[in-house]
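Visitor: From the sequence below, what's the structure:
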Amino acid sequence: MAWTYLFFAGLFEIGWAIGLKYTHGFTRLLPTVLTVGSMAVSLGLLGLALKSLPLGTAYAIWTGIGTIGTAILGIVLFGEPATALRLACVGLIVAGIVGLKLVS
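Guide: Below is the predicted model of the structure:
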């Protein structure tokens with residue numbers, strides 16, 4: 001169950017990272033409320049995952065999921081560059097997540 005908590009914690013991390021863009025510096029109420037809510041859910045799920053997963057592994061995977069999702073959505077939603085080098089670096093993060101899952 002801890003891995004499921006961690007996966008969803010990572011998804012909510014993507015949600016709050018993207019949500020920050022839509023808050024316009026926390027000046028828009030609904031995006032701000034949704035972003036803060038996503039932060040709370042993400043941290044809560046991470047805390048549940050940490051009951052049985054090693055801290056370093058869980059934190060690295062949590063931030064990795066957030067990084068990958070945020071980078072991809074930045075490309076799709078905000079027109080950020082999708083250069084080969086950038087995508088290769090995202091691929092390295094994926095490889096790191098898979099590696100940590102395999103050894104944990």
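Visitor: Check this structure for its longest helix and report it.
Guide: helix 55-78 (DSSP state H).
Visitor: what's it packed up against?
Guide: With contacts taken as 3 or more Cβ pairs under 8 Å, 6 or more residues apart in numbering; DSSP states H and E, helix 55-78 sits against helix 2-23, helix 29-49, helix 84-103. For the C-beta atoms, the positions are set from N, CA and C on the backbone; glycine is no exception.
Visitor: residues in contact with the second one?
Guide: Helix 29-49 is touched from outside by 2-3, 5-6, 8-10, 12-13, 15-16, 19-20, 22-24, 26, 58-59, 62, with contacts defined as Cβ atoms under 8 Å, 6 or more residues apart in numbering.
Visitor: still on that earlier bit, among the helices and strands packed on helix 55-78, which is the most enclosed?
Guide: Across the helices and strands packed on helix 55-78, averaging neighbours per residue (mean count of other Cβ atoms under 10 Å) puts helix 2-23 on top, at a mean of 19.
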